[in-house]
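Trainee: This is the structure alone, sequence omitted:
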C-alpha cells in the first residue's frame, strides 16, 4: 500500500530529517494551525458556576499571569502537534508526541483547582510512563529496518516492521493522549479557559490520527 | 547479531515489566513519581540496544524529554501538595555553614575542572560552585554571572574566527575555545536552582 | 460546485427533518413537517444575536467557521474520490467542534456537553478498524479505488459485512435522538449547543446538514458502490429511515453505558480485523 | 458584509475554471464558512445586549 493518504505534494529534505505533506497530513496540519491562531488571539471565557437553590451565580476569572502562562503552553502544544503532523521521521514523531504530553500538563498546571491539579498529575504519570513504549517502538523500528524515514518505509523496499514495534507506538500514543482510555485526561477538561484546554484534546486527537497513518506504512 | 539483539531486548522488556508492575502496585503519589524514573531508564535501554551512532543521537533527546517531563510533574506535585509555601534557602545545616570543608571541596572541584577544561571540565567546576552556593546560602549576583557568560561567548566566537581565518594559530584558538566553554558550562551549572521564582529576594 | 454544496446542505437538513418525522410517527406523535430543519436554519439566521458576556469571543465564533469548513473539505474529498482516511480524520475532529462549542461559552451545561463529547471519543475507534478492514480487501484508501473494486467484485456490504455494521453504528452515534447522543441529552438543556443561538446556531445547522449528507453518501459509496444520483437519494432515504427506527426504539443510554457499549463494539471489530489480517497473510 | 462579498467574489473567480481542482476546493473550503456566516450576519436582526449564559430554570 504505497498510496496511503494520497500522493505527497511536497517533500522537504534536510539529509535524513524530512518533512512532507500529503492531503491527509496537510488537513491535520491546517487544523492545528487554525486552533493555534485561535489560542494566540482569543481571551479565555469566564466559566459560570451556579449556586444551587438560588438565583446566584459566580464566574471564575483567570488572572493575567495565569493566562499568559497557559497561552504560552497552549501555543507550544499547537507547535508540537503541527510538528508531529508534518514530520517524516519516526523518532521525531515520538519526540513531538512526548512534547505534547508535557505541554498538556502545562496547560492545566496553573489552574488552582485541586481537582484539576490532581487529574493533571495522574495524567502526567501515565504520559511519562507512555514514553517507554513510544521510544521503545521507534528504536525497534530503527533496529528492524535500519531507517526511521517514513518515505523509505512507504516505498516498501525495506524489511517488514515487526508487529511489536507498531503495537508499542500505538500504545505510547494512547498513553500520551487518548481521553476515553483513562479518566484523568477527561477530568482535565473541566478546567476553565476553553481556548487553551481545547488544545489538549485537539493535540491528542491529531496525534492519534497521525499514528494511524504511520502504523500503516511499511 | 540479531540473536544478541533479541536477548538484549528480552532482558530490557522483562526489566520494564518489573518496573511497570512496581508502578501499578504503588499507591503513594510521590513514590510512583520516583519509580517512573526507573521505568524511563528501560526506554533508554531499548534505544541503547541499537548499538550504533544513531542510538547515541536518539538517547540525548529522549533523555531531555524525560527530564523535562519529570521537572513539570515535580512542579505540579509541589503546587498540588502546597509545598511551595515554605521555600528552602540553601542547605541550612549549621555544621556545613560554619566549616571550611565545603570551601575546600569546591576549590578542589573548580581547579580540577579548569585543568580538565572543555565540556566535562565545565561540568565539574560548575558542580563545585553549585555545592559552594548551596552550602553558604549565597545570594547570587546574576549580573556578574551574565557578564562571565558573555565573555565566554565572545571568547568562543573569537576562537571560531581564528580557526576560520588564521588556521596557523590553531593552538591559541583551541585554548580560547576550551576556556570559553569551561566558563560557559560553569556559569550555566551555577545558575541551577536560581530560576525557581523569587526565593532569594 | 457552490450549488452542489448548498444542495448537499439542504438535502442533509431535509433528511434530518425526515428523521424527526419518522421518529415522531413511530412514537405515535404527529411530529414536525419534514422541512422543519431547513426552516429552523433559516429562522435562526434571521434572529437577533449576541454572544454571552462570559464567552471567549474568538473561539465562540471561530469554532462555527471551523465546523462548516471541515465538513466542506470532507464533501470535496468525497466528490473527488479522495482518501477515506481524510474523511474519517475529519469525522474524528468533529469532536473538537463539539468540545469547542461547549466550552467557549462558559455555560455549565455546555461544559458538561463538551466533556461528555471527549469521553465518548471511544466511539470512533470501530471506524478505523472498519476502514482498515476495507483496505485489506481493496488495497487502497482512495474512495475512487474502492468504488472501482466494487464494480469488479460486487458490493463490500456483502464482502465485509461486520465493517458495514460497525460503520452503521458510528453513523448512528452522530444522529440526534439516538442511543449514543449523550452530548445533547436533555438533562444538559441542549448539551454543547446550549449557548449558541441566532446565526451561530444557524451555522451549526448548516454544518449538521453537510455532515449528514457526507456521512450517508460515503457509507453508500464505500459499501454499495457508485450509484446514479436518484438511487443515491433513495439509498440515503432508506438509510435515514432505518436509523430513525433504531433511534426511536432505543432509550438514550447513560454516559457510562454508552461508552461501555461502544468499547465492546470496538473490541469485536478488533477481533474481526485480526481474523481478516491473519486470513490475508495465510 | 465583507465576509459575504469575499465569499461571492471567490466563488465567481473560481467559476472561470482556470484554476486547478485542488486550489479551487481549497479556496472554497476557506470561503464557504465565511460566506455563510457573512450572509447570516448581513440579514440578521439587530444585535441585542450581552447577557450571562443560561443558568437553569
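Mentor: Nice, I can see it. None of the values given here were measured: they were computed from a predicted structure. Numbers count the residues shown, from 1 in each chain, chains lettered A, B, ... in the order given.
Trainee: so where is chain A shaky, pLDDT-wise?
Mentor: A:1-17, A:46-59, A:156, A:178-184, A:186, A:218 (pLDDT under 70).
Trainee: By residue count, which helix of the chain is the longest?
Mentor: Chain wasn't specified; assuming chain A. helix A:114-145 (DSSP state H).
Trainee: that's the other chain; I wanted chain D
Mentor: helix D:21-43.
Trainee: residues of that one that come out buried?
Mentor: D:24-26, D:28-41 (16 or more other CB atoms under 10 Å in any protein chain shown). To be clear about C-beta, it is placed using only N, CA and C from the backbone, and glycine gets the same treatment.
Trainee: Show me what it is packed up against.
Mentor: helix C:2-26, helix C:36-46, helix C:57-79, helix C:199-223, helix D:2-15 (3 or more CB pairs under 8 Å, 6 or more residues apart in numbering or on different chains; DSSP states H and E).
Trainee: And residue A:18, which helix or strand is it part of?
Mentor: Using DSSP states H and E, residue A:18 sits in strand A:17-21.
Trainee: Tell me, how many residues neighbour residue A:113?
Mentor: Residue A:113 has 14 neighbours, counted by other CB atoms under 10 Å in any protein chain shown.
Trainee: check contacts around it.
Mentor: Neighbouring residues of residue A:113 by CB atoms under 8 Å, 6 or more residues apart in numbering or on different chains: residue A:191.
Trainee: Quick check: phi and psi on it?
Mentor: Per-residue torsions, residue A:113: phi -60, psi 130 (degrees, to the nearest 10).
Trainee: Please report the distance of it from chain D.
Mentor: Applying CB to the nearest CB, to the nearest Å, the value for residue A:113 to chain D is 20 Å.
Trainee: Same question for residue B:183.
Mentor: Taken as CB to the nearest CB, the span from residue B:183 to chain D is 53 Å.
Trainee: Which pLDDT value goes with that residue?
Mentor: On the pLDDT scale, residue B:183 is placed at 78.
Trainee: For it, the count of nearby residues, please.
Mentor: Residues near residue B:183, counting by other CB under 10 Å, number 22.
Trainee: ditto for residue C:140
Mentor: Neighbours of residue C:140 using other CB under 10 Å come to 19.
Trainee: Isn't it up against residue C:146?
Mentor: Yes. Using CB atoms under 8 Å, residue C:140 is in contact with residue C:146, at 6.9 Å.
Trainee: residue ranges with poor pLDDT in chain D?
Mentor: Within chain D, the ranges that satisfy pLDDT under 70 run D:1-24, D:44-57.
Trainee: rewinding a little: flag every buried residue along the strand holding residue A:18.
Mentor: Under 16+ other CB under 10 Å, the buried positions of strand A:17-21 are A:18, A:19, A:20, A:21.
Trainee: how far away is residue C:127 from residue C:174?
Mentor: Residue C:127 sits 11 Å away from residue C:174, going by CB to CB, to the nearest Å.
Trainee: who's more crowded, those two?
Mentor: More crowded of residue C:127 and residue C:174, by other CB under 10 Å: residue C:127, with 21 against 18.
Trainee: so the more buried one sits right up against residue C:165, yeah?
Mentor: No. Residue C:127 lies out of contact with residue C:165 (CB under 8 Å); the separation is 11.9 Å.
Trainee: What residues does chain B have near chain A?
Mentor: B:5, B:9, B:16, B:20, B:23, B:29, B:32-33, B:36, B:39-40, B:42-44, B:46-47, B:49-50, B:54-55, B:58, B:61-62, B:65-66, B:68-70, B:72-73, B:75-77, B:79-80 (CB under 8 Å from any CB of the partner chain).
Trainee: Residue C:274: how many residues sit nearby?
Mentor: Counted with other CB under 10 Å, residue C:274 comes out at 11.
Trainee: now the host helix or strand of it: mean pLDDT?
Mentor: Element membership for residue C:274 (DSSP H and E) is helix C:255-281. The average pLDDT within helix C:255-281 is 77.
Trainee: which parts of it are buried?
Mentor: C:255, C:258, C:259, C:261, C:262, C:263, C:265, C:266, C:269, C:272, C:273, C:276.
Trainee: I'd say the third one and residue C:119 touch.
Mentor: Same thing as residue C:259. Yes. The criterion here is CB under 8 Å, and residue C:259 meets it with residue C:119 at 6.1 Å.
Trainee: Between residue C:127 and residue C:174, which contacts overlap?
Mentor: By CB under 8 Å, 6+ apart, no residue touches both residue C:127 and residue C:174.
Trainee: dump the residue contacts of the residue nearest to residue C:26 when sequence neighbours are not counted.
Mentor: Spatially, and ignoring its direct neighbours in sequence, residue C:26 is nearest to residue C:248 (4.1 Å; CB to CB, 6 or more residues apart in numbering or on different chains). Going by CB under 8 Å, 6+ apart, residue C:248 touches C:22, C:23, C:26, C:27, C:177.
Trainee: Separate out the buried members of the residues of chain B next to chain A.
Mentor: Applying 16+ other CB under 10 Å to the residues of chain B next to chain A flags B:9, B:16, B:20, B:23, B:32-33, B:36, B:39-40, B:42-44, B:46-47, B:49-50, B:54-55, B:58, B:61-62, B:65-66, B:69-70, B:72-73, B:75-77, B:79-80 as buried.
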